[in-house]
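Colleague: Build me a model from this:
(2 chains)
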Protein chains: 2
Amino acid sequence: MKHNFGAGPGILPHEVLKQSAEAVLDLNGIGLSLLEISHRSPEFESVLNEAVSLVKELLHVPAGYSVLFLQGGASLQFSMVPYNLLPQDKTAAYLETGVWANKAIKEAKLFGTPVVVATDKENNFRTIPKKYEVPSDAVYFHITSNNTIYGTQIHEFPKSEIPLVCDMSSDIFSRDISVADFGLIYAGAQKNMGPAGTTLVIVKDDLLGKSGRAIPSMLNYQLEIDNGSMYNTPPVFAIYVSMLTLRWIKAKGGVAAIEKANEEKARILYEEIDRNPLFKGVCSAEDRSTMNVCFIMEKPELEKPFLKFAEERDIIGIKGHRSAGGFRASIYNAMPITSIHALVDVMQEFAEKNK
Amino acid sequence: MKHNFGAGPGILPHEVLKQSAEAVLDLNGIGLSLLEISHRSPEFESVLNEAVSLVKELLHVPAGYSVLFLQGGASLQFSMVPYNLLPQDKTAAYLETGVWANKAIKEAKLFGTPVVVATDKENNFRTIPKKYEVPSDAVYFHITSNNTIYGTQIHEFPKSEIPLVCDMSSDIFSRDISVADFGLIYAGAQKNMGPAGTTLVIVKDDLLGKSGRAIPSMLNYQLEIDNGSMYNTPPVFAIYVSMLTLRWIKAKGGVAAIEKANEEKARILYEEIDRNPLFKGVCSAEDRSTMNVCFIMEKPELEKPFLKFAEERDIIGIKGHRSAGGFRASIYNAMPITSIHALVDVMQEFAEKNK
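Modeller: Numbers count the residues shown, from 1 in each chain, chains lettered A, B, ... in the order given. Model (predicted):
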């Protein structure tokens, strides 16, 4: 069995994969594949409704918010957010915590002049900036909750009068959040929610309709709300697998239980990194991510041999992002603790051999 | 066995479904699901490369064109086309042949003043307009090759000096086309190419970079070309299933062989509609689609009983679109001729019982 530490599209629960494969052949015994049914069929409508309900239940989404399943990934959200929320003559604030935040800022520049309130770029994003001021005239404040490439995570969300917009692509459903503290949350599915191909959006309804822009239909949140995420044919399969994954989270005891397990998994791995003389963490201890654990080796010349050593022992996907180097073990919700132990064992075995 | 005449997401070849289900469990025996591998892995890169190659091979795409697999369906193309091709001070021409053409026109209006060269709206789109003039200053001329709702199809593409942009969502890969006659072709996958969740675009490179607009990255064809359809995480599963479907088309003898089979299937069904005293076609005989066969009953009061009669005999998905009424039998590439015979048998049996 392989231990899949890949950063995404990432590991999914085995039972979700099994049921998804069955549905590709025959959905619930109806004699048709999930792939060849109408998105307007009662079968798919019930899938989409259940997916939306599970999001609301698992995240305790309060009244006044809409839940959407869209396409285009977080990258399309980078444009949709200013299209829908940012009037021509207004500004928006952004916290720059890495490449993805930077891409969001780049898109916002097509719609005006976003203010970058803080960045840790000079330090290769090893820390989440905490001291900054959000201009009071900003219509929203955009943050990235978890930075896959650098292994940093915002553990305490900023308190702000200004609606908080958050890219949660890599840690949604990994920990309890208070949706009421956000104006808009979005997340590509392919880390903790499902396969690549759909994007979750949770938006506070009363933020919409104020940008004064002529928004292309497919980029218009309100139109998607009015059409229940079916303005056009939705990505049926990706939504189905997401629904199964959300069911799995619920069966595991919900997000609070998942969070507890994630904290334990991260603790074990960081402990080994800090303990093992061959390895060291890369980012500020207080900003360490529970999803993407980044580390390097004290002796860089041992990195290639360790990668090979680990791969030979079925530890895969731990090579760090090219812009960060070293290693990155992504330990999303579906990663069992046994795989964490397997990685720790391999680190210890390697250290033993390289004393 | 059910005979799936649904309009889309539509029927897919059984062997494609079988292989897709296997890949969800384990892709090519690598010990990982297709859903949990990186889109940057050699495994997925080879899937995407093969899909692009097969499109080029099956449609004989000439040099100077790029092939993209995107997200958002044809509906996002309705905006991407003017964003990328239409300068602020220029106009574009549209042929209005139904609801989908109309939606494309609606989006183009956000970018300027498109000219509708002809429409058959008054006649509920029963005919493809053939006499019209395309303004010589239009930067492109947009057509919809097949109109699923009304069962009409353009059998002879207009000759035009102006680059032809064509929505081929419902008949791509169903018949031979000369890509060189088009400036841009796009198609949602979910009729003849794969499952919902990816969109094929074939674009003539030298049309790009001239709109002078600040294009959001995810809507920028050139950026997707530069990134080989991987500006962000692509819809891995939908592209994989499309690749398998394209392989299946190739194994069947390519598009020319598929076209021959499609013509035969359509001929048999239209012949029965014209012959059987209970039924009649709805659109102009010369514009009849080989993909979506629309028909009504001479006595409207028999429509409900016939629908029930057919469903009891495993003929499903033949209810007409709500805006057209009657019946619509969608007979995409993957529909076997045995299912056509099954439908014809049911029509004859019903006629026998209702003499």
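Colleague: quick one: A:Thr199 and A:Phe78 touch, right?
Modeller: No - look at A:Thr199 against A:Phe78 with Cβ atoms under 8 Å: they stay out of range, at 11.1 Å. Every residue, glycine included, has its C-beta placed from N, CA and C.
Colleague: Next, A:Ser46: secondary structure please.
Modeller: helix (DSSP: H, G, I helix; E, B strand; the rest coil).
Colleague: Give me the pLDDT for it.
Modeller: You'll see A:Ser46 listed with a pLDDT of 98.
Colleague: now swap in A:Tyr140 and tell me
Modeller: Note for A:Tyr140: predicted pLDDT of 98.
Colleague: residues touching it, list them.
Modeller: When the contact criterion is Cβ atoms under 8 Å, 6 or more residues apart in numbering or on different chains, the partners of A:Tyr140 are A:Val81, A:Leu85, A:Leu86, A:Ala92, A:Ala93, A:Ile162, A:Pro163, A:Leu164, A:Val165, A:Gly183, A:Leu184, A:Leu207.
Colleague: go with 6 Å
Modeller: Contact analysis of A:Tyr140 by Cβ atoms under 6 Å, 6 or more residues apart in numbering or on different chains lists A:Leu85, A:Ala92, A:Pro163, A:Val165, A:Gly183.
Colleague: Just flag the most distant two among these.
Modeller: For the contacts of A:Tyr140, the farthest-apart pair by Cβ to Cβ is A:Ala92 and A:Gly183; their separation is 11.0 Å.
Colleague: In terms of packing, which of these two has more residues around it?
Modeller: Between A:Ala92 and A:Gly183, A:Ala92 has the larger neighbour count (other Cβ atoms under 10 Å in any protein chain shown), namely 28 against 23.
Colleague: State the three-state secondary structure for the more buried one.
Modeller: The three-state label given to A:Ala92 by three-state DSSP is strand.
Colleague: Now for it: which residues touch it?
Modeller: A:Leu86, A:Pro114, A:Ala138, A:Val139, A:Tyr140.
Colleague: can I assume A:Tyr221 is in contact with A:Val81?
Modeller: No - using Cβ atoms under 6 Å, A:Tyr221 makes no contact with A:Val81, being 9.2 Å away.
Colleague: Of those two, give the one with the bigger neighbour count.
Modeller: It is A:Val81, of A:Tyr221 and A:Val81, that has more neighbours when counted by other Cβ under 10 Å, with 27 against 24.
Colleague: ok, the more buried one - contacts?
Modeller: Shown in contact with A:Val81 (Cβ under 6 Å, 6+ apart): A:Val165.
Colleague: Am I right that it falls within a strand?
Modeller: No - counting by three-state DSSP, A:Val81 falls outside a strand, being helix.
Colleague: pLDDT value on it, please?
Modeller: Here, the pLDDT recorded for A:Val81 equals 98.
Colleague: go on, A:Asn276?
Modeller: You'll see A:Asn276 listed with a pLDDT of 98.
Colleague: So it sits against A:Ala351, correct?
Modeller: Yes - counting by Cβ under 6 Å, A:Asn276 touches A:Ala351, with 5.3 Å between them.
Colleague: Domain ranges for chain A, per the record?
Modeller: Annotated domains of chain A cover A:14-251, A:254-353 [automatic domain parsing].
Colleague: what's the neighbour count on the residue lying closest to A:Glu161 once chain neighbours are set aside?
Modeller: Closest residue to A:Glu161 apart from its sequence neighbours, by Cβ to Cβ, 6 or more residues apart in numbering or on different chains: A:Ser136 at 7.6 Å. Using other Cβ under 10 Å, A:Ser136 has 8 other residues around it.
Colleague: Equivalent analysis for A:Pro129, please.
Modeller: Neighbour tally, A:Pro129, other Cβ under 10 Å: 17.
Colleague: Am I right that it is in contact with A:Val117?
Modeller: No - A:Pro129 is not in contact with A:Val117 according to Cβ under 6 Å; the separation is 7.8 Å.
Colleague: now the helices for chain A?
Modeller: A:14-25, A:42-58, A:73-85, A:99-108, A:221-226, A:236-251, A:254-275, A:303-312, A:337-353 (DSSP state H).
Colleague: Name the residues of the fifth one that are buried.
Modeller: This points to helix A:221-226. A:Tyr221, A:Glu224, A:Ile225 (16 or more other Cβ atoms under 10 Å in any protein chain shown).
Colleague: Distance of the residue lying closest to A:Glu286 once chain neighbours are set aside relative to chain B?
Modeller: In this structure, A:Glu286 finds its nearest non-sequential neighbour in A:His155, 7.3 Å apart by Cβ to Cβ, 6+ apart. In this view, A:His155 and chain B are 26 Å apart by Cβ to the nearest Cβ, to the nearest Å.
Colleague: pLDDT score assigned to A:His155?
Modeller: We have a pLDDT of 98 for A:His155.
Colleague: State the number of residues packed around the closest residue to A:Ala104 other than its chain neighbours.
Modeller: Take A:Ala104 and drop its neighbours on the chain: the residue closest to it by Cβ to Cβ, 6+ apart is A:Phe78, 4.4 Å away. Neighbour count for A:Phe78, taken as other Cβ under 10 Å: 27.
Colleague: who in chain A is up against chain B?
Modeller: A:2, A:4, A:6, A:9, A:11-12, A:17, A:20-21, A:24-25, A:31, A:33, A:35-36, A:38, A:71-73, A:75-76, A:79, A:107, A:110, A:190, A:195-197, A:214, A:216, A:218, A:232-233, A:235-238 (Cβ under 6 Å from any Cβ of the partner chain).
Colleague: Output the contacts of A:Tyr140 as CSV; include the columns pLDDT.
Modeller: As requested, those are exported to CSV (pLDDT from 0 to 100):
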residue, pLDDT
A:Leu85, 98
A:Ala92, 98
A:Pro163, 98
A:Val165, 98
A:Gly183, 98
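Colleague: between those, which is nearest A:Lys319?
Modeller: Nearest to A:Lys319, judged by Cβ to Cβ, of these is A:Val165 at 31.3 Å.
Colleague: What's the local residue count around that closest one?
Modeller: Around A:Val165 there are 26 other residues, counting by other Cβ under 10 Å.
Colleague: just to revisit the earlier point, just name the closest of the contacts of A:Tyr140 to A:Ser53, please.
Modeller: Compare each of the contacts of A:Tyr140 with A:Ser53 using Cβ to Cβ and the shortest gap goes to A:Gly183, at 22.0 Å.
Colleague: contacting residues for that closest one?
Modeller: The contact partners of A:Gly183, taken as Cβ under 6 Å, 6+ apart, are A:Tyr140, A:Pro163, A:Leu164, A:Val165, A:Lys204, A:Leu207.
Colleague: A:Asp89 now?
Modeller: A:Asp89 makes no contacts at all, as judged by Cβ under 6 Å, 6+ apart.
Colleague: Tell me the spacing between it and A:Val139.
Modeller: Applying Cβ to Cβ, to the nearest Å, the value for A:Asp89 to A:Val139 is 10 Å.
Colleague: With A:Leu59 instead?
Modeller: Plainly put, A:Leu59 is 24 Å away from A:Val139 if you go by Cβ to Cβ.
Colleague: Show me which of the two is the more surrounded one.
Modeller: Between A:Leu59 and A:Val139, A:Leu59 has the larger neighbour count (other Cβ under 10 Å), namely 23 against 20.
Colleague: which non-adjacent residue is nearest that one?
Modeller: Spatially, and ignoring its direct neighbours in sequence, A:Leu59 is nearest to A:Val179 (5.5 Å; Cβ to Cβ, 6+ apart).
Colleague: so that neighbour sits right up against A:Gly64, yeah?
Modeller: No - at 9.9 Å, A:Val179 does not count as touching A:Gly64 under the criterion of Cβ under 6 Å.
Colleague: who has more neighbours, these two?
Modeller: A direct count of neighbours by other Cβ under 10 Å for A:Val179 and A:Gly64 places A:Val179 higher, at 18 against 11.
Colleague: How confident is the prediction for the more buried one, by pLDDT?
Modeller: For A:Val179, the pLDDT comes out at 98.
Colleague: One more: the one 5 residues further on?
Modeller: Here, the pLDDT recorded for A:Leu184 equals 98.
Colleague: picking up where we left off before, indicate which one of the domains of chain A is closest to B:Arg247.
Modeller: Closest to B:Arg247 of the domains of chain A, according to Cβ to Cβ: domain A:14-251, at 15.8 Å.
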